[in-house]
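Asker: when you get a sec, could you give me coordinates for this:
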Amino acid sequence: QAELHGVSLETSQAKMSSALVWQIVKGNHAFVRKGLNGVVFSAEAGNVYNKNSYKCSGLANTNHVDISVDAKADAVKFGLGSRKNAQKPKKNTARFTVKQNARRALQSVGKQVASFRPDLKKGAVARMAAIQKSLRVKKATKA
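Answerer: Below you'll find the predicted structure:
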């Protein structure tokens, strides 16, 4: 256990609430994308709707849903954040690759997100469908 001036470093880490974290980072973080007409988007992992808001933020909320592309496996990565490792960003999200067919994957992700964060279910299913559609290979047609 590391010590600095007689104080343990593990126990001296300050734990902030997610509301305080959001107040600190809401207007100025690396993932902010400002659009036309004053619309502000966010490109961070764990933000299903890409809105720069407290509800959707993957930075501030410990319970977040992350859906992204796994380039190596040509599949979709699905992740759920947890409060258990909120102070350890690398371990915070439990990720796994979804290799099921599209309908079964949409159904299972919808059920998991509905039990975890019901307010993000619609966005998570829409993001999953869009990513799966982009991964689909077009059939060759005769010319």
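Asker: can you give me the helices for this structure?
Answerer: All helices of the chain, identified by DSSP state H, fall at 18-25, 89-92, 102-116, 121-135.
Asker: make JSON lines out of those and add distance to residue 77 and mean pLDDT.
Answerer: Yep, even glycine has a C-beta here, placed from its N, CA and C like the rest. As requested, the helices of the chain are exported to JSON lines (distance: least, Cβ to Cβ, whole Å; pLDDT from 0 to 100):
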{"stretch": "helix 18-25", "distance to residue 77": "23", "mean pLDDT": "88"}
{"stretch": "helix 89-92", "distance to residue 77": "15", "mean pLDDT": "72"}
{"stretch": "helix 102-116", "distance to residue 77": "11", "mean pLDDT": "89"}
{"stretch": "helix 121-135", "distance to residue 77": "9", "mean pLDDT": "91"}
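Asker: tabulate those helices (TSV), appending distance to residue 80 and mean neighbour count.
Answerer: Below are those laid out as TSV (distance: least, Cβ to Cβ, whole Å; neighbours: other Cβ atoms under 10 Å):
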stretch	distance to residue 80	mean neighbour count
helix 18-25	16	15
helix 89-92	10	12
helix 102-116	6	15
helix 121-135	10	16
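Asker: run through the chain and note the low-pLDDT ranges.
Answerer: Residue ranges of the chain with pLDDT under 70: 1-14, 86, 89.
Asker: try it again at 90.
Answerer: 1-22, 24-29, 35-39, 44-47, 56-66, 68-105, 108-109, 116, 132-143 (pLDDT under 90).
Asker: show me where the chain has its strands.
Answerer: Listed in chain order, the strands of the chain (DSSP state E) span 3-4, 7-8, 32-34, 40-42, 65-70, 75-81, 93-98.
Asker: show residues contacting the fourth one.
Answerer: Defining contact as Cβ atoms under 8 Å, 6 or more residues apart in numbering, one finds that strand 40-42 is touched by 29, 31-35, 50-52, 56-57.
Asker: one more pass at 7 Å, please.
Answerer: By Cβ atoms under 7 Å, 6 or more residues apart in numbering, the residues outside strand 40-42 that reach it are 31-35, 50-52, 57.
Asker: if we can go back for a sec, redo the strands of the chain as CSV? Include distance to residue 21 and mean neighbour count.
Answerer: Listed next are the strands of the chain as CSV, based on distance: least, Cβ to Cβ, whole Å; neighbours: other Cβ under 10 Å:
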stretch, distance to residue 21, mean neighbour count
strand 3-4, 24, 9
strand 7-8, 23, 10
strand 32-34, 15, 12
strand 40-42, 14, 16
strand 65-70, 17, 19
strand 75-81, 13, 20
strand 93-98, 16, 15
